[in-house]
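1. build the 3D model from these lines:
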Amino acid sequence: MTIGQELLQELTLEAKVTRRFLEAVPFDKQEYKPTEKSETLGRLAIHVAEIIAWWASVVETNRLDFIDFEPKNIKTTAELLFYFDELLGDAKKSLSKVTDEELKNEWSMTHGEDTYFTLPKRQVLRLFCMNHLVHHRSQLGMYLRLLNIPVPATYGPSADDDNVILTDRFDKL
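-> Here you go, the predicted model:
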């Protein structure tokens, strides 16, 4: 099994969980912020979805430049899920065909002339793409909890979702 195929399995598992979180996002509360310094619920949810685009970017390019980045304008949960599913399909396609050799190449995240970091693609996928996704999904769970919206189970039951068995998450990757 290639590194890309291993990462694809992990992304598939995390995407199942992430999609359940995105399904719970109420866009009628998209302007909600738990603190003044926090991002809005709508922007956070869109960010969780758009992180999935980074996987294909890392595999297929050598850098991602945020100089002209504009977040997608999403107004409904259905639009959010469509966007997420579309990006996930692209990520899966990229990971399924990437070689181990390609994942040794360096990749940079930039903003114009400013380079935020440069790392081997394998590390970017593991440390930045996956960890970043899990980090912001966790934030999204906190927003849901504060809004009294049931929080989906993640790696085991949540206080709202106690009928999920962890091994169900690993079936049929």
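2. okay, the residue of the chain most remote from its centre and L147: tell me how far apart.
-> Here the chain reaches farthest from its C-alpha mean at E113, the gap being 25.9 Å by Cα atoms, centre = their mean. According to Cβ to Cβ, to the nearest Å, E113 and L147 sit 40 Å apart. Using the backbone N, CA and C atoms, a C-beta is placed for each residue, glycine as well.
3. following element in sequence after the helix or strand of the chain with the lowest mean pLDDT, please.
-> Between all helices and strands in the chain, the lowest mean by mean pLDDT, DSSP states H and E belongs to strand 63-65, at a mean of 92. Past strand 63-65, further along toward the C-terminus, the next helix or strand under DSSP states H and E is helix 77-97.
4. now do the buried residues in that next one.
-> Of the residues in helix 77-97, T77, L80, L81, Y83, F84, L87, L88, D90, A91, K92, S94, L95 count as buried by neighbour count, 16 or more other Cβ atoms under 10 Å.
5. then stretch 108-123?
-> Neighbour-count burial for stretch 108-123 [16+ other Cβ under 10 Å]: M109, L119, K121, R122, Q123.
6. any chance you could map the helices in this structure?
-> Using DSSP state H, the helices found in the chain span residues 3-23, 41-60, 77-97, 121-123, 131-146.
7. what helices or strands is the first one leaning on?
-> If I follow you right, that is helix 3-23. helix 41-60, helix 77-97, helix 131-146 (3 or more Cβ pairs under 8 Å, 6 or more residues apart in numbering; DSSP states H and E).
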